[in-house]
Each structure stands twice: as structure tokens, then as C-alpha cells.
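structure of the sequence below:
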Amino acid sequence: NVSFVGVLNYTLLNRYVVHGSLNAEGNSAMGRNERMGYFPAVGLAWNFQNEPLLEKARDKWLDEAKFRFSIGQSGRAPSGASVYLGAYVKGTDYMNMSATKQARMQLDNLKWETSTSANIGLDFGFFDGRINGTIEYYNTKTTDLLVNKSIPSSLGYLTQTVNLAEMRNNGIEITLNTTPIKTGNFRWDINFTFSKNKNEIKKIDGQVDENGKPLDDVNNKWFVGHPMNVYYDYVFDGIWQKDDDIANSHMPTATPGSIKLLDVNKDNQITADDRVVMQRDPKWISTVGTALHYKGFDLSADLYISHGGTIYNPYLTTFENGGDLTAKRNGIRRNYWTLNNPSNEAPAPNMTQAPAYITSLGYQDASYVRLRNVTFGYNFPHSLINKVYMQTLRLYMTLSNFWTKTDVQAYGPEQTPGDYPEPRTVLFGLNVTF
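Residues are numbered from 1 along each chain as shown. Below is the predicted model of the structure:
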């Protein structure tokens, strides 16, 4: 890799700031015709708290007021050296004879993935630091995405690194820090963050149907107008019951106790067109933290909130995790359907095979609220510890992951199936400085 950077900064009257840069990067992983990438950026800032008109406000309550705007580009290269090069491996041909075959195409025109970002922000502070924070909006357009695209195996390969698609990514981030109470012996701090991000695919490869609508890539689960990170499957709509008119329904071959799917397009049949796109990432995340200090005592807590998004839970569907209702492995206890228990939550068990469309049971709301950390501590006074030649002595207790509220039926909403459960930790500590 090789990189060259040029930077220019200029400040006028301690109020107006201009920043410019040009980044030139070369990477051997790129195609031989696209080794170098050039990425400019410019930023403007206005420290309007320093305007003469706000002199009295600065003396009384205004600490900081800065408006900033930036626009620029950045590039991303694929991981690994010489990704563009073709590769050959020794193997056998269709007659099982020794042969050499191409394992990877040569990609002479593999380009840099380029992101163009615009950012508007406001930084503020009031009352000698009692209130401060940031409000920021960003909008990023990414072109020539570097992705490993699945391709038909008849071509001799399974995946290929390509430049594909155009993404739009925008959102808002808010940070707020406050000190509602500040006296001689007591202080109370509250901090808050909020982040909401939306990303969507604007186009994939430029192909359109007969009506001019951009074509989706169903095989790779890429859908124009939707996020990059999605699930694509049928929607669970309950369990067929004995009194249902199954014969005249959209699933006429179903039986009581089997999974009912949602007829999304209302054509009275279940086809591939009834599958829906489900966003995996949360709609927004937030944190709320607080800290109390009284003389030598302190108490702090941190609450994390993740709202929206979908998680696929294999503990409800797969044989390996005991979720396929074949009773061959231990799994989560389920309220499954029987003649005496006409449940609408899970289908009737089947020892010979998993129920049809069982994957539709695995999609759950990934929202959760978690109390991540709570710490209580005491700092011994200097007048006491100086007698034993100590500079500081602190005793504390920390609770980690002590409480989580979620509808996800697994070890935790952040856990990968098969991992160890997330521990609830109680930690006692002593810090001593001599």
C-alpha cells in the first residue's frame, strides 16, 4: 500500500475555519487499471459564539456554539493482497483425470469502493459545562461497492469479488450531557445518546424489467429500496385449526396443526412472491447514563436501548439447536399444537421430519433494553489514608449485564447461537495508590 495526504487549514478571527485535504491511495489488491484512488474533502466551521453580537451571552451562559459542514470522499479496498489476480489450482476434470483449473477470475478493472459523505453538525455548551452536546446529520452515497457475489457454479466459480450497486446511508446522531445538580458535596450527571440510521440500495447492476423497475438480486438477498442486511422469507401467520376451512384456503393441502403462512399478495395461494424483506439492523439505538457523587461515594449506571430490527433464532427452527420439533434433541420448551391444546404459537411435533415452513417461526423482534453496568464505589478521604502512606484508596462493586428485557428466546439478543451464555457479573474491587 502507498498513501499521500495533503492538508490545508485556515482560521480567520477565531471564528471562521476552512479545512481541505486530498488523499491519494494505491493498493495492490485493486485491478491493474485501477490501482490509485483520489479522495478529496473540504470542511467549513463557524464558531459563532465568538461573534461580537454574542459577547454578553458568553459572559453569562454561552460556552460553545459552533456550526460545521463537511463534504468529502473516502475509499475502501478489498482485504487481502492482489485480490484482482486470477488463481489456478490443481484438481481433476469431469473424467477424474488430473487437471489444472482456474479458481478465481482475473479482475483487471476492480475499482475502489467510494463513499461521498456530507455532514452537518451543531456543537453547543451552556452554563459553564452544565449542558453540552452535539446534533449531527449525515448523508453518504457509496458507489462501486466491493461485494462477494454468488454466481452460478456452472461458470466454474461460487463467488466473485465485484464492484456492484449504489447505497444511500443517512441518519442523525445526538449527544447530550447535563449536570442538573452541582453543589459543594453533591453532583448529579446525566448523559444521553441517540442514533438513527437508514440505509438502502439505490441500484444493483442497472438492469430493469419491462416496466423500467430496477431488478432485485434475490439470490444474494439484495433488494432495491431496502437495506443491504436483510432476511427474505415467508411470514408466520399462526397455526391451522380443526375448524378452519383449509380446503378453500390459500394452503389447501395443509392439515390441522401445521404452519399457516401469510398470503401477502392476496392471490389465494402461497408462492415465492409471498416472501417479504425483513430488516435485520435496529431502527435506532440509544443510551442513558447517570452518575451521582456525594462526598466520597459515587454511583453510576448505564442503560442501553436497541429498538427494531429482526433476528433469526435457530433455537426455534433447527435440528442442531433442538428447535425443529422432531423431539430428537433438547430444545426450548414450546407451546406446540395438539388436539387437546389448539395452540396458535407452534405446530404439531413430527418425529420423522421438521414441519413445513418452520423457518418462518425463527424471525423475532430484536429489540431489547439492557442495564449494562452499575457501579457503586467509595473513595476514602486523604486525611485518613495519608497516615498509612497511601495517595488513593477506592473500594467498589460493579454489576454487568445484570438485567435485560427482550422477547428474543435465546441466551441473549447479542449472542451467536452456540456461544456461551452472556454472564451476569458481580465484581468487587480495590484500587490502591502509594
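
give the bridge partners for residue 201, please.
Using DSSP bridges, the bridge partners assigned to residue 201 are residue 167, residue 224.

hmm, it is touching residue 166, no?
Yes: the criterion here is CB atoms under 8 Å, and residue 201 meets it with residue 166 at 7.3 Å. Placement of C-beta: from N, CA and C, glycine included.

higher neighbour count, the two?
Between residue 201 and residue 166, counting by other CB atoms under 10 Å, residue 201 is the more crowded of the two (22 against 16).

and the helix or strand containing residue 404, average pLDDT?
Secondary structure assigned from DSSP states H and E places residue 404 in strand 392-406. Taken as a whole, strand 392-406 has a mean pLDDT of 93.

what's the answer for stretch 347-360, then?
Mean per-residue pLDDT for stretch 347-360: 92.

now do the end-to-end distance for it.
One end of stretch 347-360 to the other measures 11 Å (CA to CA, to the nearest Å).

contact partners of it?
With CB atoms under 8 Å, 6 or more residues apart in numbering as the test, stretch 347-360 has contacts from 233-236, 239, 256-259, 261, 317, 319, 323-328, 336-338.

returning to that earlier point: so which elements touch the strand holding residue 404?
In terms of contacts (3 or more CB pairs under 8 Å, 6 or more residues apart in numbering; DSSP states H and E), strand 392-406 is packed against strand 368-379, strand 425-433.

contacts for it, please.
366-380, 385, 412-413, 422-433.

so how far is it from its chain's centroid?
Chain-centre distance of strand 392-406: 26 Å, with CA atoms, centre = their mean, to the nearest Å.

next, the buried residues of it.
For strand 392-406, burial by neighbour count (16 or more other CB atoms under 10 Å) applies to 393, 396, 398, 399, 400, 401, 404, 406.

same thing with stretch 132-152?
Going by neighbour count (16+ other CB under 10 Å), the buried part of stretch 132-152 is 132-134, 136, 138, 140-147, 149, 151.

and the helices and strands packed on strand 392-406: which comes nearest residue 29?
Closest of the helices and strands packed on strand 392-406 to residue 29 is strand 368-379, at 37.8 Å (criterion: CB to CB).

how about the helices and strands packed on strand 392-406 in a markdown table, adding mean neighbour count and mean pLDDT?
Shown next, in a markdown table, are the helices and strands packed on strand 392-406 (neighbours: other CB atoms under 10 Å; pLDDT from 0 to 100):
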| stretch | mean neighbour count | mean pLDDT |
| --- | --- | --- |
| strand 368-379 | 17 | 95 |
| strand 425-433 | 10 | 92 |
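
residue ranges in this structure under the pLDDT threshold?
Regions of the chain meeting the criterion pLDDT under 70 cover residues 31, 80-95, 97, 99-108, 148-160, 417.

which one's the longest helix in it?
Counting residues, the longest helix in the chain under DSSP state H turns out to be helix 55-60.

so how many other residues sit close to the residue nearest to residue 273 when sequence neighbours are not counted?
The shortest distance from residue 273 to any non-neighbouring residue, by CB to CB, 6 or more residues apart in numbering, is to residue 265 (5.5 Å). A total of 11 residues lie near residue 265 under the criterion other CB under 10 Å.

what about residue 265, distance to residue 245?
Distance of residue 265 to residue 245, given as CB to CB, to the nearest Å: 20 Å.

element containing residue 293?
Applying DSSP H and E as the criterion places residue 293 in strand 284-294.

and that strand, what does it pack onto?
Packing partners of strand 284-294 (3+ CB pairs under 8 Å, 6+ apart): strand 186-203, strand 297-307.

show me what the shortest one is packed up against.
With contacts taken as 3+ CB pairs under 8 Å, 6+ apart, strand 297-307 sits against strand 284-294, strand 368-379.

could I get the buried residue list for that strand?
298, 300, 301, 302, 303, 304, 305, 306.

pick out whichever of those residues sits closest to residue 117.
Nearest member of the buried residues of strand 297-307 to residue 117, counting by CB to CB, is residue 306, at 24.3 Å.

give me every residue that touches that closest one.
By CB under 8 Å, 6+ apart, the contact list for residue 306 reads 282, 285, 366, 367, 368, 369, 413.

again with residue 288
Neighbours of residue 288 in contact, by CB under 8 Å, 6+ apart: 190, 191, 192, 302, 303, 305.

so what pairs up with residue 65 in the strands?
Applying DSSP bridges to residue 65 gives these bridge partners: residue 124.

coming back round to it: give me the buried subset of the contacts of stretch 347-360.
Buried subset of these (neighbour count, 16+ other CB under 10 Å): 233-236, 239, 256-259, 261, 317, 323-326, 336-337.

identify the bridge partners of residue 374.
Beta-bridge pairing for residue 374 (DSSP bridges): residue 301, residue 399.

can you tell me the closest non-neighbouring residue to residue 231?
Here the residue nearest residue 231, using CB to CB, 6+ apart, is residue 278, at 4.3 Å.

so what does the helix or strand hosting the one you found touch, helix or strand wise?
Taking DSSP H and E as the definition, residue 278 sits inside strand 276-279. Counting contacts by 3+ CB pairs under 8 Å, 6+ apart, strand 276-279 packs against strand 230-233.

can you add distance to residue 294 and give the buried residues of strand 392-406 back as CSV?
Output for the buried residues of strand 392-406, formatted as CSV (distance: CB to CB, whole Å):
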residue, distance to residue 294
393, 18
396, 15
398, 19
399, 20
400, 23
401, 26
404, 29
406, 34
